[in-house]
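**Student:** Fold the following.
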Amino acid sequence: MTKTMKVCFVGAGNMAVEHAKAFSALKNVEIVGVTGRSEFKADNFANQFRTSSYSTIAEMYETSQADMVVTAVNEVSSRDVSLQCLKYPWTCLFEKPVGQNLKQAEEILSAAEAKKANVFVGLNRRSYNSTRKVLNDLSHDSSPRVINVFDQQNKQVARDIGHPEELVENWMYANSIHLVDYLTLFGRGDITDVELIKPFDRENPTSVVAALKFSSGDLGLYQAAWQGPGPWAVIVSTDLNRYELAPLEKLTIQKLGERVKNEWPYENEGDPVLCIKSGFLNQAMELVRFGQTGRTSLTTLKEATQSMRLVAQLYRV
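**Tutor:** Numbering: from 1, shown residues only. Down below sits the predicted model:
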């Protein structure tokens, strides 16, 4: 018989609810607990998903004996919550970013490696159906790749949302990580060179432009508009095809010899009836698959930390 996987949650806000909706839609999954900074939110979460609310992570593990824990807390709390979760022998899915900055990410990675823990990171854009389609196509195309990544950020918008200043000053780790991660996802081999054509200016952030080289011969171009307009977009060009993710969940493909961009349908784009997005649903399925088979396509903590290192290189932070 297929084992029922017991999953619990640290954090009870909107992001945790999105994860929980995905897990609750799967067979052989039982949501066995939640703990959060807000007792009110934790109780509401527990009522919504018919589970128990706990005061601490320790109490939740000891009582539930969960197989898996999903953390979805604010970035300021990420380091401490991650280190607490690593005290127990469950499989972890940490919502990005793991730590406010590279120093914290490296600390968490070291702790996880010392424990030989199974830790994955919720970079859910990797789990979009659009992204997965591009990855599948690229696996059959050995020609060189040029990866164009277009980012857009604004510190003042982050402040207006209510984020604390320490997080605003690390906003490239908190939010640009989504776009930077596409470079390490699509680029093959090691990054051998990062040329900052227009470096980041902390005091007057306007734009960042950089060129990357990979040991495989692939090239990356990163452009970020700070305090200016611009959509999030990723374009991957090979000798055979041009893939455009703009917005990231929408894919168009232009083939060699064609002048038109063909829209790839939004087939199986999550579950519209239950309002579950494909990124969350695919992540949940992959975490459960790991628990049952030991195999998964989820982003490992080591891979996510590589993207954090690239953020540090691109922004000199």
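**Student:** mind checking pLDDT for the residue most central in space within the chain?
**Tutor:** The central residue of the chain, meaning the one whose C-alpha is nearest the mean C-alpha position (CA atoms, centre = their mean), is Leu123 at 1.0 Å. Here the pLDDT value assigned to Leu123 is 94.
**Student:** Same question for Arg316.
**Tutor:** Note on Arg316: pLDDT of 94.
**Student:** Contact partners for it?
**Tutor:** Applying CB atoms under 8 Å, 6 or more residues apart in numbering, we find Arg316 in contact with Leu196, Pro199, Phe200. C-betas here are computed from N, CA, C, even on glycine.
**Student:** Repeat that for Leu287.
**Tutor:** Neighbouring residues of Leu287 by CB under 8 Å, 6+ apart: Val7, Met68, Val70, Thr91, Leu93, Phe120, Thr296, Leu298.
**Student:** cool, and Tyr128?
**Tutor:** Counted by CB under 8 Å, 6+ apart, Tyr128 has contacts Leu248, Glu249, Ser278, Gly279, Asn282.
**Student:** Distance to Val260 added to those, as a markdown table?
**Tutor:** Formatted as a markdown table, these follow (distance: CB to CB, whole Å):
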| residue | distance to Val260 |
| --- | --- |
| Leu248 | 21 |
| Glu249 | 21 |
| Ser278 | 25 |
| Gly279 | 28 |
| Asn282 | 29 |
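**Student:** Restrict those to the buried ones and give me that as a ChimeraX selection.
**Tutor:** Filtering the contacts of Tyr128 down to the buried ones (16 or more other CB atoms under 10 Å) takes a single ChimeraX command:
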select :248,249,278,279,282
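**Student:** Now, the contacts of Tyr128 that are in helices?
**Tutor:** Secondary structure defined by DSSP state H assigns Ser278, Gly279, Asn282 of these to helices.
**Student:** from those residues, which single one is nearest Pro231?
**Tutor:** Distances from Pro231 to the ones in helices among the contacts of Tyr128, taken as CB to CB, are shortest for Gly279 (17.8 Å).
**Student:** hmm, back to that, okay, the contacts of Arg316 in TSV with pLDDT next?
**Tutor:** Formatted as TSV, the contacts of Arg316 follow (pLDDT from 0 to 100):
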residue	pLDDT
Leu196	98
Pro199	97
Phe200	96
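**Student:** biggest separation within the contacts of Tyr128, which pair?
**Tutor:** Of all pairs in those, the most separated under CB to CB is Leu248 and Asn282 at 13.9 Å.
**Student:** didn't the residue nearest to the centre of the chain look like it was pressed against Leu179?
**Tutor:** No: look at Leu123 against Leu179 with CB atoms under 8 Å: they stay out of range, at 10.7 Å.
**Student:** Now distance to Gly11 and pLDDT too, for the ones in helices among the contacts of Tyr128, in a markdown table please.
**Tutor:** Shown next, in a markdown table, are the ones in helices among the contacts of Tyr128 (distance: CB to CB, whole Å; pLDDT from 0 to 100):
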| residue | distance to Gly11 | pLDDT |
| --- | --- | --- |
| Ser278 | 21 | 86 |
| Gly279 | 17 | 90 |
| Asn282 | 20 | 93 |
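**Student:** Next, count neighbours for Thr286.
**Tutor:** Careful, residue 286 is Glu and not Thr. 18 (other CB atoms under 10 Å).
**Student:** what about the helices in the stretch 101-250 of the chain?
**Tutor:** 102-115, 129-138, 155-161, 165-168, 171, 177-186 (DSSP state H, counting those that start in this stretch).
**Student:** just the CA coordinates of the fourth one, formatted as CSV?
**Tutor:** Right, the one you point to is helix 165-168. The C-alpha trace of helix 165-168 is given here as CSV (Å, rounded to 0.1, in the frame of the first residue of the first chain):
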residue,chain,number,x,y,z
GLU,A,165,13.8,48.1,6.4
GLU,A,166,16.2,45.2,7.0
LEU,A,167,14.3,43.2,4.5
VAL,A,168,13.9,46.1,2.0
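**Student:** what's the average pLDDT for the helix or strand just after that helix?
**Tutor:** Of the helices and strands lying after helix 165-168 in sequence (DSSP states H and E), the nearest is helix 171. The average pLDDT for helix 171 rounds to 95.
**Student:** Sort out which residues of stretch 73-91 are buried, please.
**Tutor:** Using 16+ other CB under 10 Å as the test for burial, stretch 73-91 gives 73-75, 78-79, 81-82, 84-86, 88, 90-91.
**Student:** I'd like the secondary structure assignment at the residue lying farthest from the centre of the chain, please.
**Tutor:** Computed with CA atoms, centre = their mean, the residue of the chain farthest from its C-alpha average is Gly257, at 34.7 Å. Here Gly257 is coil, with the state taken from DSSP: H, G, I helix; E, B strand; the rest coil.
**Student:** before we move on, back to that, now the helices of the stretch 101-250 of the chain as JSON lines including mean neighbour count and distance to Ile235?
**Tutor:** Output for the helices of the stretch 101-250 of the chain, formatted as JSON lines (neighbours: other CB atoms under 10 Å; distance: least, CB to CB, whole Å):
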{"stretch": "helix 102-115", "mean neighbour count": "17", "distance to Ile235": "27"}
{"stretch": "helix 129-138", "mean neighbour count": "18", "distance to Ile235": "10"}
{"stretch": "helix 155-161", "mean neighbour count": "13", "distance to Ile235": "25"}
{"stretch": "helix 165-168", "mean neighbour count": "14", "distance to Ile235": "29"}
{"stretch": "helix 171", "mean neighbour count": "22", "distance to Ile235": "24"}
{"stretch": "helix 177-186", "mean neighbour count": "23", "distance to Ile235": "10"}
